[in-house]
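In: Sequence isn't available, so here's the structure alone:
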């Protein structure tokens, strides 16, 4: 299957600082990338959908100015948590869909655990 | 509105036995995809099995098989010969066009 790499896998930052998480499709072109947030023992909550070269579409209740998503190329999307606060601590997962031989599924990154002190 | 319901928050099974995880969904579309993903303690999401709605035949992948009942909008996952490595959270996922809808998950514990 296709490989999605997410980095960093874990990050600790101080309150008020910004953190960037990268999501790369290694062996395919990601037409669409999705960013999820997952709280402990819960399902994935969609934050935003991004298509290469266009602005991300955010889900209701997700602050666009706090969670900046950039999808500059067909293989890279980034999530920047700006002015992070302890309540932003969570597990963030990126995923992507691919064209061609793949049949409809989502390919997931390994996830990034963010801890804001 | 599309919804996916997993009514079993947690299940346990003895190693080597068979277990079935339930999933029901709602959609007004006639063509869509259904998936089961597992999320082990590492938290990496792994595709277990996929089903395309237009295919009547139930999908199988080694020890994993589904019972896809389109009219009833049911998509259950059967795991045969359960192994310790099957311990994970399992999510039922519906895809309509380019949107994915996740169930709340079922935590499966495989006991030795």
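Out: Looks like it came in fine. From a predicted model like this one, the values you see are computed outputs, not experimental measurements.
In: can you give me the helices in chain B?
Out: For chain B, no helices are identified by DSSP state H.
In: can you map out the strands along it?
Out: B:3-5, B:10-14, B:19-21, B:24-26, B:33-39, B:46-52, B:60-61, B:64-69, B:74-79, B:88-96, B:99-102, B:106-111 (DSSP state E).
In: how about the ones you listed, which one is nearest residue A:96?
Out: Closest approach to residue A:96 among those (CB to CB): strand B:99-102, 11.4 Å. C-betas here are computed from N, CA, C, even on glycine.
In: Please identify the pairing partners of that closest one and their relative orientation?
Out: Here strand B:99-102 is paired, per DSSP bridges, with strand B:88-96 (antiparallel).
In: Name the surrounding residues that touch the partner strand.
Out: Strand B:88-96 is contacted from outside by A:43-44, A:104-106, B:2, B:4, B:6, B:21, B:23, B:25, B:27, B:29, B:32-41, B:45, B:48, B:75, B:77, B:100-103, B:105-108, using CB atoms under 8 Å, 6 or more residues apart in numbering or on different chains.
In: what do you get for stretch A:81-93?
Out: A:6, A:13, A:15-21, A:35-40, A:44, A:47, A:65-68, A:79, A:108-109, A:111-117, B:43, B:45.
In: Quickly check: stretch A:109-117 near chain B or not.
Out: Yes - Stretch A:109-117 is in contact with chain B by CB under 8 Å from any CB of the partner chain, via A:110, A:111.
In: Kindly check the end-to-end length of that stretch for me.
Out: Terminal residues of stretch A:109-117 are spaced 24 Å apart (CA to CA, to the nearest Å).
In: can you list the residues of chain B near chain A?
Out: Residues of chain B lying near chain A (CB under 8 Å from any CB): B:33, B:35, B:37, B:42-47, B:50, B:52, B:91, B:93, B:95, B:98-100, B:102-105, B:107.
In: Low-confidence ranges, the chain, go.
Out: Just going to use chain A. A:1, A:100-103 (pLDDT under 70).
In: What residue in it comes nearest to chain B?
Out: Using CB to the nearest CB, the closest approach of chain A to chain B is made by residue A:108 at 3.8 Å.
In: Skipping adjacent residues, who's closest to residue A:115 in space?
Out: Nearest residue to residue A:115 in three dimensions, chain neighbours excluded: residue A:12, at 4.7 Å (CB to CB, 6 or more residues apart in numbering or on different chains).
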